[in-house]
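In: I need the structure of the sequence given here:
(chains A and B)
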Protein chains: 2
Amino acid sequence: MQAIGNILTFITEIEKLKDIQRKSRPIGLKRYENSAEHSWHVALSALVLKDYANEPVNIERVIKMMLIHDLGEIEAGDTIIYSSETAELKSKEKTCIAKLFTNIQPDLKDELLVLWEEFETGKSADAKFAKAIDRLPPLLHNIHDEGHGWKKHGITKEQVFALNSARIGAGSEKLWSAVEQKLNKAVEDGFLS
Amino acid sequence: MQAIGNILTFITEIEKLKDIQRKSRPIGLKRYENSAEHSWHVALSALVLKDYANEPVNIERVIKMMLIHDLGEIEAGDTIIYSSETAELKSKEKTCIAKLFTNIQPDLKDELLVLWEEFETGKSADAKFAKAIDRLPPLLHNIHDEGHGWKKHGITKEQVFALNSARIGAGSEKLWSAVEQKLNKAVEDGFLS
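Out: I've put the predicted structure just below:
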């Protein structure tokens, strides 16, 4: 009974991800996205895009990565990707993850810690694909929102193309080709410069 | 390129789930939950509770069910479970699902339609567990929110115990035992009567 109680505490704790505000607004909405709904969106996006990965992926592992990849933000907060990937921030997220997972059963805890680290390292086929998918929704948001987030944070087209061609291309060249077309259109439309 | 374009359209369409408001508020928040963040929460809750299922489950199938189980609400909206499970509503959700999945690649579309139907039917071990987990967060919300949703919608303790003992118990007796204790405490505290 104590063990299941610990898991219910974890399920209660992770609710906090619903209060972590991101930098872009879901299409058609005037509020910012939170990291919990983002995590759902990228998990399901990965599933429907699995056939476009550069290398074969284990989609069930990718989905689990997506479900937990932002949990470190519960203590570290969400930061814009174009300036955020510092060692200090990653260390803070890792401490948060270790604390959150304390009461999960050992075999599952080990599996989840491996998946979280693997995503952060971004070297495996699964992690490269997961990191590519993670980039997709904020780009679609900005494209549909007249570049709201890019403009607000002073992000240039050079930054957008450099980071995303590398990140998305490493996981799915086909996805990058499709996104690149949409970004070129956003530049033409004056949403990104 | 057309095929991936269709999938990006799907990914854009399902954003609408972030605007479907549910009947309870995430713990600590003063706004209502939406069905997208709920879908994330139950997918991850299922994973950490998998060892407590009455029968062995394929947790990867359960997670996929959770990711898609509420997509029908994009057209049908969210309704309170104590009065909502009508044939008319289910038919509306099914039509919405069929339309949403039109442009998904055929093999994956078939897999997702089977999972969606299986969840709705609720007879398999995976579906019974998924439906049990789906009930957990609104109960935790109400318990932590002084019964806000129950009171607002005039839900009685008899309704709460009848529906949830059956629904949660069918998927996980151990989870029901843990939740039942919390509900008894909520009755003592005057949050549910």
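
In: how about the helices in chain A?
Out: All helices of chain A, identified by DSSP state H, fall at A:2-13, A:35-49, A:59-68, A:73-76, A:81-84, A:87-100, A:106-121, A:125-144, A:148-152, A:157-171, A:173-188.

In: Would you mind checking the average pLDDT for the last one?
Out: Looking back up the chat, that one is helix A:173-188. Helix A:173-188 comes out with an average pLDDT of 98.

In: what does the longest one give?
Out: Averaging pLDDT along helix A:125-144 gives 97.

In: and if you look at the first one?
Out: For helix A:2-13, mean pLDDT is 94.

In: cool, the third one as well?
Out: On average, the pLDDT along helix A:59-68 is 98.

In: winner for burial among the helices of chain A?
Out: Of the helices of chain A, the one with the most neighbours on average (mean count of other CB atoms under 10 Å in any protein chain shown) is helix A:35-49, at a mean of 26. Just so you know, the C-beta spots here come from the backbone N, C-alpha and C atoms, and that holds for glycine as well.

In: and it, is it in reach of chain B?
Out: Yes: residues of helix A:35-49 contacting chain B under CB under 8 Å from any CB of the partner chain: A:A36, A:E37, A:S39, A:W40, A:H41, A:A43, A:L44, A:S45, A:L47, A:V48, A:L49.

In: Thought B:E13 was touching the fifth one, still the case?
Out: No: in this structure A:H41 lies outside contact range of B:E13 using CB atoms under 8 Å: 11.4 Å.

In: Tabulate the residues of helix A:35-49 next to chain B in a markdown table, adding columns for pLDDT and distance to A:I59.
Out: Putting the residues of helix A:35-49 next to chain B into a markdown table (pLDDT from 0 to 100; distance: CB to CB, whole Å) gives the following:
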| residue | pLDDT | distance to A:I59 |
| --- | --- | --- |
| A:A36 | 98 | 21 |
| A:E37 | 98 | 21 |
| A:S39 | 98 | 16 |
| A:W40 | 98 | 16 |
| A:H41 | 98 | 16 |
| A:A43 | 98 | 10 |
| A:L44 | 98 | 11 |
| A:S45 | 98 | 11 |
| A:L47 | 98 | 6 |
| A:V48 | 97 | 10 |
| A:L49 | 98 | 9 |
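
In: Arrange these in CSV, one row each, with distance to A:G122 as further columns.
Out: Converted to CSV, these look like this (distance: CB to CB, whole Å):
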residue, distance to A:G122
A:A36, 22
A:E37, 23
A:S39, 17
A:W40, 21
A:H41, 20
A:A43, 17
A:L44, 21
A:S45, 17
A:L47, 20
A:V48, 22
A:L49, 17
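
In: spatially speaking, which residue is in the middle of chain A?
Out: Nearest to the geometric centre of chain A sits A:D134, at 3.7 Å (CA atoms, centre = their mean).

In: May I have the residues that are in contact with that residue?
Out: Contact partners of A:D134, counting by CB atoms under 8 Å, 6 or more residues apart in numbering or on different chains, are A:V42, A:M66, A:H69.

In: How many neighbouring residues does the last one have?
Out: Around A:H69 there are 24 other residues, counting by other CB atoms under 10 Å in any protein chain shown.

In: Which residue comes closest to it once chain neighbours are left out?
Out: Once flanking residues are discounted, A:H69 sits nearest to A:F119: 5.0 Å by CB to CB, 6 or more residues apart in numbering or on different chains.

In: With the second one instead?
Out: The shortest distance from A:M66 to any non-neighbouring residue, by CB to CB, 6+ apart, is to A:A43 (3.9 Å).

In: Tell me if I'm right that the one you found and B:W40 touch.
Out: Yes: A:A43 is in contact with B:W40 according to CB under 8 Å; the separation is 7.2 Å.

In: Quickly list what's touching both of the two.
Out: Common contacts of A:A43 and B:W40 (CB under 8 Å, 6+ apart): A:L67.

In: what residues are up against A:A162?
Out: Listed by CB under 8 Å, 6+ apart, the contact set of A:A162 is empty.

In: So for it, what's the pLDDT?
Out: 97.

In: same question, A:S84
Out: On pLDDT, A:S84 comes in at 67.

In: Show the model's pLDDT score for A:G77.
Out: So, for A:G77, pLDDT stands at 82.

In: How many neighbouring residues does it have?
Out: Neighbour number of A:G77 under other CB under 10 Å is 14.

In: Tabulate the CA atom coordinates of stretch A:79-99 in PDB.
Out: Taking Å, rounded to 0.1, in the frame of the first residue of the first chain, the C-alpha atoms of stretch A:79-99 are listed here in PDB:
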ATOM      1  CA  THR A  79      13.600  28.500 -21.300                       C
ATOM      2  CA  ILE A  80      13.900  29.400 -25.000                       C
ATOM      3  CA  ILE A  81      15.900  26.900 -26.900                       C
ATOM      4  CA  TYR A  82      18.000  29.400 -28.800                       C
ATOM      5  CA  SER A  83      19.900  30.400 -25.700                       C
ATOM      6  CA  SER A  84      19.000  27.900 -23.000                       C
ATOM      7  CA  GLU A  85      21.100  24.700 -23.300                       C
ATOM      8  CA  THR A  86      23.600  25.500 -20.600                       C
ATOM      9  CA  ALA A  87      25.300  23.000 -18.400                       C
ATOM     10  CA  GLU A  88      23.900  24.700 -15.300                       C
ATOM     11  CA  LEU A  89      20.300  24.400 -16.500                       C
ATOM     12  CA  LYS A  90      20.800  20.700 -17.500                       C
ATOM     13  CA  SER A  91      22.200  20.000 -14.100                       C
ATOM     14  CA  LYS A  92      19.200  21.600 -12.400                       C
ATOM     15  CA  GLU A  93      16.900  19.500 -14.500                       C
ATOM     16  CA  LYS A  94      18.800  16.300 -13.800                       C
ATOM     17  CA  THR A  95      18.500  16.900 -10.000                       C
ATOM     18  CA  CYS A  96      14.800  17.500 -10.400                       C
ATOM     19  CA  ILE A  97      14.400  14.300 -12.300                       C
ATOM     20  CA  ALA A  98      16.300  12.200  -9.800                       C
ATOM     21  CA  LYS A  99      14.200  13.600  -7.000                       C
END
